[in-house]
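Asks: one predicted model, sequence on top.
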Amino acid sequence: MKSILTLLLCCIISFKAFSQQTQTDTGKKINIADTLKKNLFTAPDTVKHLRSKAWALVPPAALVAYGTSNFFLKPVRRLDVSIYNDINEDAPNFKHHPENYFQYTPVALVYALNLVGIHGKNTFVDRSLIFVMAEGMMGLTTFGLKKVTHRLRPDGSDYNSFPSGHTANAFLGAEFMAQELGDKSIGYSVIGYGFATATGILRMYNRDHWFSDVVAGAGFGILSAKAAYLLYPYIRNRLFKAGREKEDNRNIPDELKKQPKTSSIIMPSYNNGIVGLNFAMQF
């Protein structure tokens, strides 16, 4: 039961951190109608590119690699069984499913916070399209692998154990929250990943997944979100002329962009026996 108490404590801390963060960020009076108008009826010419280093993809890729290794490495399978046995001893009759809601909590919080005036990196439309793209990639990957790997669940109910779809969805939402609001405060990232971690633990406590299923699901969820944020700006910014121009010029130094664009011409002239010069400049 120590693990369950720790899990509940983490959730309480996340909720407390969320309420404190919200109070800090919403000190001004909020007009929800103006917020909706700003999000639903405005669209920038371009959306921001994901500012991420290549090494940021290493941790989620490592999670996927570890989870997948259960099919090849006996030590990984033995650890799965060991953790399963520990859970059986710790909470033999555990049958609670708050993870069915926890997996959606980070995404719901992003939209709820937007309503009260805490704006993320993208507008409602762009943010939603990024989320749909990430969900599409995650869904195709996880459900495809479930059919291919045909791994039996710990409770023996079916052969859709690998990877954990709930966990993948939860960590996708956590990375979504981190991308949209992480620049404002690291607290938002902690909250999102707190709910995602709780989701993975509960999937094991309910005997729905092995430990390696959960680890792989977390990796697939994070990678799907990062991939969507990497790819979406290139697609979105090419749809409109203004966006294409900004995209083409985004690597030009600011000092060059600010230089005045002028043109001038000097031509000789001859009029009534007088030789001169004509000068013209266009600003």
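Replies: Nice, I can see it. Quick caveat: nothing in here was measured; it's all calculated off a predicted structure.
Asks: list the contacts of residue 104.
Replies: By Cβ atoms under 8 Å, 6 or more residues apart in numbering, residue 104 lies in contact with 169, 173. (Glycine included, C-beta is placed from N, CA and C.)
Asks: now do it against residue 124, distance only.
Replies: Using Cβ to Cβ, to the nearest Å, residue 104 is found at 17 Å from residue 124.
Asks: equivalent analysis for residue 198, please.
Replies: 27 Å.
Asks: so between these two, which is more surrounded?
Replies: residue 198 (22 against 19; other Cβ atoms under 10 Å).
Asks: give me the pLDDT for the more buried one.
Replies: pLDDT for residue 198: 97.
Asks: pretty sure it contacts residue 103?
Replies: No. Residue 198 lies out of contact with residue 103 (Cβ atoms under 8 Å); the separation is 9.5 Å.
Asks: buried set for the strand or helix carrying residue 197?
Replies: For residue 197, the host element (DSSP states H and E) is helix 186-205. Counting neighbours by 16 or more other Cβ atoms under 10 Å, one finds that the buried residues in helix 186-205 are 187-205.
Asks: quick one: low-confidence parts of this structure?
Replies: Residue ranges of the chain with pLDDT under 70: 1-52, 240-283.
Asks: what ranges do the strands span in it?
Replies: Counting by DSSP state E, the chain has strands at residues 263-271, 274-282.
Asks: give me the neighbour count for residue 77.
Replies: By the criterion of other Cβ under 10 Å, residue 77 has 16 neighbours.
Asks: look up how far residue 178 lies from residue 87.
Replies: Using Cβ to Cβ, residue 87 is found at 29 Å from residue 178.
Asks: who has more neighbours out of the two?
Replies: It is residue 178, of residue 87 and residue 178, that has more neighbours when counted by other Cβ under 10 Å, with 22 against 19.
Asks: the more buried one against residue 192, yeah?
Replies: Yes. The pair residue 178 / residue 192 is scored as a contact, 5.8 Å apart, by Cβ under 8 Å.
Asks: before we move on, the earlier item: and the helix holding residue 197, C-alpha only, in CSV?
Replies: Output in CSV follows, covering the C-alpha atoms of helix 186-205 (Å, rounded to 0.1, in the frame of the first residue of the first chain):
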residue,chain,number,x,y,z
ILE,A,186,8.3,24.5,-15.2
GLY,A,187,5.4,23.8,-12.8
TYR,A,188,3.1,23.1,-15.8
SER,A,189,5.4,20.4,-17.1
VAL,A,190,5.7,18.8,-13.6
ILE,A,191,1.9,18.7,-13.3
GLY,A,192,1.4,17.1,-16.7
TYR,A,193,4.1,14.5,-16.2
GLY,A,194,2.8,13.8,-12.7
PHE,A,195,-0.6,12.8,-14.0
ALA,A,196,1.1,10.8,-16.8
THR,A,197,3.3,8.9,-14.3
ALA,A,198,0.2,8.2,-12.1
THR,A,199,-1.6,6.7,-15.2
GLY,A,200,1.3,4.3,-15.9
ILE,A,201,1.5,3.1,-12.3
LEU,A,202,-2.3,2.5,-12.1
ARG,A,203,-2.2,0.5,-15.3
MET,A,204,0.2,-1.9,-13.6
TYR,A,205,-1.7,-2.0,-10.4
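Asks: what's the burial count for the closest residue to residue 146 other than its chain neighbours?
Replies: Spatially, and ignoring its direct neighbours in sequence, residue 146 is nearest to residue 160 (4.3 Å; Cβ to Cβ, 6 or more residues apart in numbering). Residue 160: 21 surrounding residues under other Cβ under 10 Å.
Asks: which ones are touching residue 160?
Replies: Residue 160 neighbours (Cβ under 8 Å, 6+ apart): 146, 147, 151, 153.
Asks: please identify the buried residues of stretch 103-117?
Replies: Residues of stretch 103-117 classed as buried: 103, 104, 105, 106, 107, 109, 110, 113, 114, 117 (neighbour count, 16+ other Cβ under 10 Å).
Asks: no further questions, thank you.
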